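Asker: Got a predicted structure plus its sequence, pasted below:
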Amino acid sequence: MTPHRLTGDQARRLVVRAQLLDADRPGDVVEVAEQLGYIKIDPTGTIAPCEHTVLWSRIGWSYEPGQLRKAVEDDRLLFEFDGAFRPMSLLPLMLPAMRRWPQRESSRQWLEANAGFRADVLARLRADGPLLAGDIPDTAQVSRPPDGWSGSNQVPHMLDFLLRQGEVAVVGREGRHRRWDLAERVYPRGLPEYGEEEAARLLAERRLQSAGLTKPHWYWSGVTKDTGEPALVEGSTTGYRVDPEALAALDEEDAGGRAAFLNPYDSLLFDRKRLEDVFGFTYVLEQFKPKGERRYGYFAHPILLGDRFVGMLDAEVDRARGVLRVDAVHELLPLDPEETEMVRAEIDDLAEWLGVSVTGLA
């Protein structure tokens, strides 16, 4: 098939719409999760944890953190998997791959060596669940060495393995700690069944729908060279795949743009090459840089205005003083007075949502 030729404006509009960052805001948490495919969980809370800023940047002032908890724990419309909340509609498409996990030989060997430990964990959950990891004894026969993210306790490792196999599930959280139970008591019954090939194809289509436009790569994007239709973006030699429904919708009336502050772990920022190709934006997360080498701040949030990245918001909530302290609004592109007012209005809205006042703005 001859690739579609997209202008830069068209490519940016495709991505911004797919990521629900145009002026036509979504209505609720589930709508966001269904379209984005996942809502990243990260506790770094200079402004608010990632899962909440992702939702606020889409829904706006009407979003309350309790809505996410309700969707996950009460309504079971979302589920937690691999560091993200995902729509339950994706679970049937993920289960075939989960059932044949793990592929890595070292992981298979660890599970085989810990067959008794695995049985102990499942039995404890069946008898007493839901439980925190700390409530489950570590009876591992073989231990995995600490990896910098976890200690010597093997229970979190086993729970993570069983989660990936679809045998246990996260039922909720107490603070940042996950509560676990048997998957059969958490996931809905009667889910559709798919073969591996069909599930993989449908999952790739959903991922392309979430991206709008992306490079095919089995790991980085989950989109194959057969998903969607081929596309080229002016000024780039990268071969992209485009969602045909999103492409057709380009002819529809444009809702326009708005200001949005993106958490550094926002899904729009994940593909750095696409950011450069489509938006002309080179993004570097400075969280892990020495303080003296940072240009924009420890956890600065990129500022999207319409379909352009125009700046970086370096701000932090000071709960003790009840303020959102704005250390800097770094302009990547010169802003006219109207654009400056849009960014400042969004800062005011952010502070109101956080329940604090703003300090630091001139």
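Answerer: Great, that's in hand. Numbering: from 1, shown residues only.
Asker: how does the protein divide into domains?
Answerer: 4-88+197-359, 89-185 (automatic domain parsing).
Asker: so which of the ones you listed comes closest to residue 191?
Answerer: Closest of the domains of the chain to residue 191 is domain 89-185, at 4.6 Å (criterion: Cβ to Cβ). All C-beta atoms are positioned from the backbone trio N, CA, C, and that covers glycine.
Asker: And that closest one, end to end?
Answerer: For domain 89-185, the first-to-last residue distance is 17 Å (Cα to Cα, to the nearest Å).
Asker: cool, stretch 234-243 as well?
Answerer: End-to-end distance of stretch 234-243: 17 Å, with Cα to Cα as the criterion.
Asker: what distance separates that stretch from the centre of its chain?
Answerer: Remark: stretch 234-243 is offset 23 Å from the chain centroid, using Cα atoms, centre = their mean, to the nearest Å.
Asker: which one of the domains of the chain has the most crowded surroundings?
Answerer: Using mean count of other Cβ atoms under 10 Å, the stretch among those with the greatest mean number of neighbours is domain 4-88+197-359 (a mean of 18).
Asker: which residues in the stretch 201-350 of the chain form helices?
Answerer: 244-248, 272-274, 337-354 (DSSP state H, counting those that start in this stretch).
Asker: Could you provide those in TSV, with additional columns for mean pLDDT and distance to residue 27?
Answerer: TSV is the format used below for these (pLDDT from 0 to 100; distance: least, Cβ to Cβ, whole Å):
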stretch	mean pLDDT	distance to residue 27
helix 244-248	96	19
helix 272-274	94	27
helix 337-354	96	17
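Asker: for those helices, which one sits closest to residue 139?
Answerer: Short answer: helix 272-274, nearest of the helices of the stretch 201-350 of the chain by Cβ to Cβ, at 42.9 Å.
Asker: still on that earlier bit, who wins for proximity to residue 37 among the helices of the stretch 201-350 of the chain?
Answerer: When the helices of the stretch 201-350 of the chain are ranked by proximity to residue 37 (Cβ to Cβ), helix 244-248 comes first, at 14.0 Å.
Asker: And the contacts of the closest one?
Answerer: For helix 244-248, the surrounding residues in contact (Cβ atoms under 8 Å, 6 or more residues apart in numbering) are 4, 14, 17, 18, 209, 212, 213, 228, 229, 231.
Asker: Look at the second one and tell me its secondary structure.
Answerer: Secondary structure, DSSP: H, G, I helix; E, B strand; the rest coil: residue 14 is helix.
Asker: I'd assumed residue 8 was in contact with it.
Answerer: No: using Cβ atoms under 8 Å, residue 14 makes no contact with residue 8, being 10.8 Å away.
Asker: contacting residues around residue 110?
Answerer: Here residue 110 is in contact with 142, 144, 157, 161 (criterion: Cβ under 8 Å, 6+ apart).
Asker: from these, which has minimum pLDDT?
Answerer: Lowest pLDDT of those: residue 144, 84.
Asker: Show the backbone phi and psi for the residue lying closest to residue 72 once chain neighbours are set aside.
Answerer: Spatial nearest neighbour of residue 72, chain neighbours left out: residue 78 (4.8 Å); criterion: Cβ to Cβ, 6 or more residues apart in numbering. In terms of degrees, to the nearest 10, the main-chain angles of residue 78 are phi -130, psi 160.
Asker: Need the per-residue pLDDT for residue 78.
Answerer: On pLDDT, residue 78 comes in at 98.
Asker: Who is it paired with across the strands?
Answerer: residue 87 (DSSP bridges).
Asker: That one and residue 87 touch, don't they?
Answerer: Yes: if you go by Cβ under 8 Å, residue 78 and residue 87 touch, sitting 6.0 Å apart.
Asker: Please enumerate the shared neighbours of these two.
Answerer: Counting by Cβ under 8 Å, 6+ apart, the residues touching both residue 78 and residue 87 are 30, 33.
Asker: Which residue ranges of the stretch 1-150 of the chain form helices?
Answerer: Using DSSP H, counting those that start in this stretch, helices in the stretch 1-150 of the chain cover 8-18, 29-36, 50-59, 65-69, 91-99, 105-113, 115-128.
Asker: Need those helices in CSV (columns: distance to residue 153 and mean pLDDT).
Answerer: What follows is these, written out as CSV (distance: least, Cβ to Cβ, whole Å; pLDDT from 0 to 100):
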stretch, distance to residue 153, mean pLDDT
helix 8-18, 40, 97
helix 29-36, 31, 98
helix 50-59, 25, 98
helix 65-69, 26, 96
helix 91-99, 24, 97
helix 105-113, 15, 95
helix 115-128, 12, 98
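Asker: Of all the ones you listed, which one comes closest to residue 344?
Answerer: Between those, helix 50-59 lies closest to residue 344; by Cβ to Cβ that is 16.3 Å.
Asker: Against which helices or strands is that closest one packed?
Answerer: Applying 3 or more Cβ pairs under 8 Å, 6 or more residues apart in numbering; DSSP states H and E, we find helix 50-59 packed against helix 29-36, strand 39-40, helix 65-69, strand 259-261.
Asker: coming back round to it: export the helices of the stretch 201-350 of the chain to JSON lines and append columns for distance to residue 72.
Answerer: Listed next are the helices of the stretch 201-350 of the chain as JSON lines, based on distance: least, Cβ to Cβ, whole Å:
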{"stretch": "helix 244-248", "distance to residue 72": "28"}
{"stretch": "helix 272-274", "distance to residue 72": "29"}
{"stretch": "helix 337-354", "distance to residue 72": "20"}
